[in-house]
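Peer 1: Just to be clear, the model below is a prediction. Sequence and coordinates:
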There are 2 protein chains.
Amino acid sequence: MDDHADVRRVGVVVGDSATWWLHPFPEGTDLVGLLAADRGTREEAADLAAQNDGLRPADVVLLPPVYPVAMRDFLTFESHVEGVSKGMQGASHVPDEWYAAPSFLFMAPHAVHGPYDDVAMPADTARLDFELELAAVVCRDVRNVTPEEARSAIGGYCVMNDWSARDVQRREMTLGLGPSKGKDFATTIGPWVVTADELEDCRDEDGFLDLNMEVRVNGAPVGGDRSGHMGWSFEHLVSYASRASWVKAGEVLASGTCGTGALAETWGRTGELDPPPIQVGDVVEMTVERVGTVRNRVVPDDETVPAVVPARRRVREEV
Amino acid sequence: MDDHADVRRVGVVVGDSATWWLHPFPEGTDLVGLLAADRGTREEAADLAAQNDGLRPADVVLLPPVYPVAMRDFLTFESHVEGVSKGMQGASHVPDEWYAAPSFLFMAPHAVHGPYDDVAMPADTARLDFELELAAVVCRDVRNVTPEEARSAIGGYCVMNDWSARDVQRREMTLGLGPSKGKDFATTIGPWVVTADELEDCRDEDGFLDLNMEVRVNGAPVGGDRSGHMGWSFEHLVSYASRASWVKAGEVLASGTCGTGALAETWGRTGELDPPPIQVGDVVEMTVERVGTVRNRVVPDDETVPAVVPARRRVREEV
């Protein structure tokens, strides 16, 4: 709405993915705080909000549901590790280290994009790719928690597209780092947060969330998997991250790419750039069952980036 | 002071490393905001604070100067890359990718320790190590800035010890990640922030800060270098990080380990664990000329960490 263009509010979404209304909470409502509240308090707030007039999708711009205090990206899908390894090392291989513990890296925290925002083509890449992930929003500070104790720290879930410039990433990984600039231009999260209690019936016999995940480019399916194929549950991820370290309210912990959830995996398996890298104009759409859909169009880069400066060579004191 | 144990204040340090007083700024003073102020405003605030009674070192506990909104660790010392590569790959080698751009990773943001805090021995390591680094504190949000424009975004500098569990780190790096749990237990920053203007006379002909750096274990020198051996200046680092991405006020950007600034480099060069990994009781002390000294004792771990759970194996649909 033009006359309210600068109003930012947390709201409750009522309806389903196709037909929904958004009912704003009172000004000053904090999403993470609300997620941490007990279910009764939260439902009372939702019931109260639902009494006001709802806004239709066309009336709102969905922002990223949180601006994370930190983001961690795990590597929990065995088949993705296997597929990518073929491209990187010439043969499919899942190292023993993968099975031992749910490893992760810290992601760029400042590049989150809303669920339907445009994504600018990043500089220096001819290999733009996506990563289909499921992500958890942490709602309380925890340290040294068991998986059972971690459960109450997970406020809810959203879809994540961890956009990746594979050529930039490859350079960084050669140095055993990151990746950072290969990914710090955009991370889509959304379309909203589905609270954990709403997904209790989607757990399998080991307590893993088992939801269908799929990604489409310009409407055509290009990959998908089930979250039940993760090697660890989200409670395991929080527990591991919390070992002798804080996992804080407002963090986002992501599953890592699911099987066939990135073009790089297909490129690795086949040795061919088919489907081709994402181009300006392409629309990448991801759906996680019961969570929702994010959809971003890639647009031309409108920024002037500073030049990359090579290293000043050290004056060698040795011969 | 026992009767003011819960008072947290930003202050100005007057004197030198050996003999100093701390003069608190008024309650609510924000360090990053002060660093962003023009020099006149900052000096006026310092002059005003210096009129109150100073506190002696014994009267205060120096906290981390900032709780960073993000931390980035670069890899700017060529000789460190060369030394470590010998241990990792069997031969000294600096890849072409290192020279091309100042690569970095995002660090754990929640584990900062004060300059004289004890550091608990992390779980699961028999290879505790340190990393001697110089770090810059960013005082304003920037995006797509040239090195020249980046200058005013650097509020000042501090010493960093990027504590590292090399065995944990090695497992993570096998997967092309992170490292994360290999480092997320402690990062020392301090002892304070020396404002950039105070170090203007320490720049070399290319504008690189050229300061002596050294590390001692239990009083014995074990490594050191000069910050002038960085492949890029801090302005270059901010500029590169800002390419199509935000670098925000309150971030800490670190140089990466200087030459001989970590035991792992010596282990790599010689193939022997000599000096030995850091043990409980060891004191690691780092000094950067004109910036100051941080000193941390390693103490026994007093935490009960949750068990590490291995992956649930995927039911393979293929044979």
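Peer 2: Nice, thanks for sending it over. The model shown is predicted, which means the values in this text are computed figures rather than measured ones. Residues are numbered from 1 along each chain as shown, chains lettered A, B, ... in the order given.

Peer 1: How about the residues of the stretch 1-150 of chain A by chain B?
Peer 2: A:69-70, A:72, A:75-76, A:78-79, A:81, A:88, A:95, A:97-111, A:120, A:122-123, A:143-147 (Cβ under 8 Å from any Cβ of the partner chain). In short, each C-beta sits where N, CA and C put it, glycine included.

Peer 1: Just the buried residues of the residues you listed.
Peer 2: A:69-70, A:72, A:75-76, A:78-79, A:81, A:98, A:101-111, A:120, A:122-123, A:144-145, A:147 (16 or more other Cβ atoms under 10 Å in any protein chain shown).

Peer 1: Which of the residues you listed fall within strands?
Peer 2: Per DSSP state E, strands hold the following members of these: A:72, A:104-106, A:120.

Peer 1: Can you name every helix or strand that the helix or strand of chain A with the lowest mean pLDDT contacts?
Peer 2: When the helices and strands of chain A are compared on mean pLDDT, DSSP states H and E, helix A:78-89 comes out lowest with a mean of 84. Applying 3 or more Cβ pairs under 8 Å, 6 or more residues apart in numbering or on different chains; DSSP states H and E, one finds that helix A:78-89 contacts helix A:263-270.

Peer 1: what does the helix it packs on contact?
Peer 2: With Cβ atoms under 8 Å, 6 or more residues apart in numbering or on different chains as the contact definition, helix A:263-270 has outside contacts at A:80, A:83-88, A:92, A:127, A:129-130, A:164, A:166, A:222-223, A:257, A:259-260, A:273-275, A:277-278.

Peer 1: Kindly report the same for stretch A:207-221.
Peer 2: So stretch A:207-221 is in contact with A:130, A:132, A:134, A:157, A:199, A:202-204, A:222-228, A:230, A:233-235, A:258, A:261, A:275, A:278, A:282-291, B:312, going by Cβ under 8 Å, 6+ apart.

Peer 1: What distance do you get for the closest residue to residue A:284 other than its chain neighbours to residue A:277?
Peer 2: Of all residues not flanking residue A:284 in the chain, residue A:130 sits nearest, at 5.0 Å (Cβ to Cβ, 6 or more residues apart in numbering or on different chains). Taken as Cβ to Cβ, to the nearest Å, the spacing of residue A:130 relative to residue A:277 amounts to 10 Å.

Peer 1: Looking at these two, which has the bigger crowd around it?
Peer 2: A count of neighbours by other Cβ atoms under 10 Å in any protein chain shown puts residue A:130 above the other of residue A:130 and residue A:277, at 28 against 17.

Peer 1: Cross-check the contact I'm expecting between the more buried one and residue A:282.
Peer 2: No - using Cβ atoms under 8 Å, residue A:130 is not in contact with residue A:282, being 9.5 Å away.

Peer 1: returning to what we had before: please read off the pLDDT at the residue nearest to residue A:284 from the model.
Peer 2: Per-residue confidence (pLDDT) for residue A:130: 98.

Peer 1: Tell me which residues touch it, please.
Peer 2: Under the criterion of Cβ under 8 Å, 6+ apart, the contact list for residue A:130 reads A:161-164, A:215, A:261-263, A:278, A:284, A:286.

Peer 1: now, among those, which is nearest to residue A:171?
Peer 2: If you rank the contacts of residue A:130 by distance to residue A:171 using Cβ to Cβ, residue A:164 comes first, at 12.7 Å.

Peer 1: Quick check: closest non-adjacent residue to the closest one.
Peer 2: With Cβ to Cβ, 6+ apart as the criterion, residue A:164 has its nearest non-adjacent residue at 4.8 Å, and that residue is residue A:129.
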